[in-house]
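>>> Generate a structure from the sequence data that follows.
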Amino acid sequence: MLRKTQSFIAFLAACGFAVFGPCLSALKAQDAAGVQFKPYGWVQVDAAYDSARTSYGDLMFMIHPETAVGAGRKELSVSARGTRFGINIIAPESNGRKVTGRIEGDFCDDLTPNKYALRLRLAYVDVALGNGWSARFGQDWDTYVNFHPNTVDASILAYMGHTYGRHPQARLTKETRLGEQTSLTAKIALQHGRNNSDLDGDGQPDENASAVPSVHGSMVFKTRLLTGQQSVFTISGVYGREKLGENAAHPGTYRSRFLHGGIQLPLSERFAISGEGWMGENVDNYLGGIGQGINVVEGTEISARGGWVQGVWSPVKAIKTGVGFGVDDPEDADLSGDARTLNGRIFANIFYYLTDRVTLGLEYTRVRTDYAITKDMQNNRVHFGVMYVF
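Got it, this is the predicted structure:
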């Protein structure tokens, strides 16, 4: 364990030097001691019981079809893969510019039980340009991602209504203050897609073959309405392309289009509702369409729609409870074979803050995954998690 920890720290240090090395060299003569490295993260352990096998156990995205080996069997999954490490980096102001950065990783990439591979989540540099303008370069959350549902399951409703991703990007942001408690933020970014899908089997990711980045834009309005807490309203859009070569049954360029909206609304000091809705086509890059983006049999993009809603109540300081649902619904006419036609869940959870740093979470989920040909599958899930934040 010590050796793995040392390797991880060395990895973070190497990444930090690669990103900030030129900046640090320029600042060295002026104020080398002024660079701040602030570690953060948590240790997380999860145990999940499922009445039917899911993909992937403690990280639940969908239920296996009845044709899969072991489908329908009960399962207990226990892991610590949700453990996360990160470093915030703050450099002294130079030439009137404030530069910050972040490097973050977890162990959710390799799904082999009890043998986890390190995954890079975030790695970016942020440059404040003044007058509300800033530029960000590196891997960050997608531009349309502003908040998440509150769940014990670390998949946070992926393929079940909550679209998100973390991609390499170049983003320009402008925040405009409209009042003491009100702001409007505009963001535009050029991004690279999430997956390495190679549907034509030519050894090249299909988005790389299009030779153009995806374009993301978002508007975020924040204000105080019913309580002292801020309400958030968002509207976003995405446009990208993928290209299939001559090896495909239907070679050509396929569009990826995506319209997304969200709301976070505190109704009282202790109760708030939040949710998102979206629609688009070829959105598997953003964990939509239940992972189905292009129908290679018909040569068409797969349209889908979905969203999620959750109410969160904190009766006392040490307890937070939530109830919600999420659904991802591809267009049936765009699918072929035994495709996934619907994927959704309803869930209820409770978090108990044992100390300021230790949280216990318990969640019940009812999941449904429908298939075009074989039997629709259902699952009852009980998930317990412990998190120690540092």
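>>> how about residue 223, phi and psi?
Residue 223 has phi and psi values of phi -160, psi 170 when expressed as degrees, to the nearest 10.
>>> what's the spacing between it and residue 177?
Relative to residue 177, residue 223 is positioned 11 Å away (CB to CB, to the nearest Å). C-beta: built from backbone N, CA, C; applies to glycine.
>>> Need the residues touching each of those two.
residue 183 (CB atoms under 8 Å, 6 or more residues apart in numbering).
>>> Between those two, point out the one with more neighbours.
Using other CB atoms under 10 Å, the more surrounded residue of residue 223 and residue 177 is residue 223, with 14 against 10.
>>> beta partners for the more buried one?
Beta-bridge pairing of residue 223 under DSSP bridges involves residue 231.
>>> contacting residues for it?
With contacts defined as CB under 8 Å, 6+ apart, the neighbours of residue 223 are 178-179, 181-183, 230-231.
>>> Ok, residue 158 next?
Residue 158 neighbours (CB under 8 Å, 6+ apart): 61, 164, 287.
>>> Quick one: the strands in the stretch 151-300 of the chain, in order.
166-179, 182-191, 214-224, 230-244, 252-266, 271-281, 294-295, 300-301 (DSSP state E, counting those that start in this stretch).
>>> Would you mind giving those strands as JSON lines with distance to residue 74 and mean pLDDT added?
Formatted as JSON lines, the strands of the stretch 151-300 of the chain follow (distance: least, CB to CB, whole Å; pLDDT from 0 to 100):
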{"stretch": "strand 166-179", "distance to residue 74": "33", "mean pLDDT": "97"}
{"stretch": "strand 182-191", "distance to residue 74": "40", "mean pLDDT": "98"}
{"stretch": "strand 214-224", "distance to residue 74": "41", "mean pLDDT": "98"}
{"stretch": "strand 230-244", "distance to residue 74": "38", "mean pLDDT": "97"}
{"stretch": "strand 252-266", "distance to residue 74": "36", "mean pLDDT": "97"}
{"stretch": "strand 271-281", "distance to residue 74": "32", "mean pLDDT": "98"}
{"stretch": "strand 294-295", "distance to residue 74": "34", "mean pLDDT": "97"}
{"stretch": "strand 300-301", "distance to residue 74": "37", "mean pLDDT": "98"}
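>>> Give me whichever of these is most buried.
Most buried of the strands of the stretch 151-300 of the chain, by mean neighbour count (mean count of other CB atoms under 10 Å): strand 294-295, with a mean of 22.
>>> Sheet partners, orientation included, of that strand?
Strand 294-295 has its sheet partners listed here by DSSP bridges as strand 300-301 (antiparallel).
>>> Tell me what angle the helix or strand just after the partner strand forms with strand 271-281.
Note on strand 300-301: by DSSP states H and E, the next helix or strand toward the C-terminus is strand 303-316. Strand 303-316 runs at 170 degrees relative to strand 271-281, counting by axes from the mean of the first three to the mean of the last three CA atoms, to 10 degrees.
>>> List the neighbouring strands of strand 303-316 plus their orientation.
With DSSP bridges as the test, strand 303-316 pairs up with strand 271-281 (antiparallel), strand 319-330 (antiparallel).
>>> which of the residues in it are buried?
303-310, 312-314 (16 or more other CB atoms under 10 Å).
>>> Could you list the residues in contact with it?
The contact list for strand 303-316 (CB under 8 Å, 6+ apart) reads 149-150, 157, 160-163, 270-281, 283, 288-290, 292, 320-331, 334.
>>> what sits against the closest residue to residue 372 other than its chain neighbours?
Excluding its sequence neighbours, the residue lying closest to residue 372 (CB to CB, 6 or more residues apart in numbering) is residue 339, at 4.9 Å. By CB under 8 Å, 6+ apart, the contact set of residue 339 is 292, 330, 371-372.
>>> looking at the residues you listed, which has the most residues close by?
residue 330 leads the contacts of residue 339 on contacts (other CB under 10 Å) with 28 neighbours.
>>> which strand residues sit across from the closest residue to that residue other than its chain neighbours in the sheet?
Nearest non-adjacent residue to residue 330, counting by CB to CB, 6+ apart: residue 304, 4.3 Å away. Residue 304 has these beta-bridge partners by DSSP bridges: residue 280, residue 330.
>>> got a pLDDT number for residue 304?
Residue 304 carries a pLDDT value of 98.
>>> again with residue 195
As predicted, residue 195 sits at a pLDDT of 70.
>>> Then residue 77?
On the pLDDT scale, residue 77 is placed at 94.
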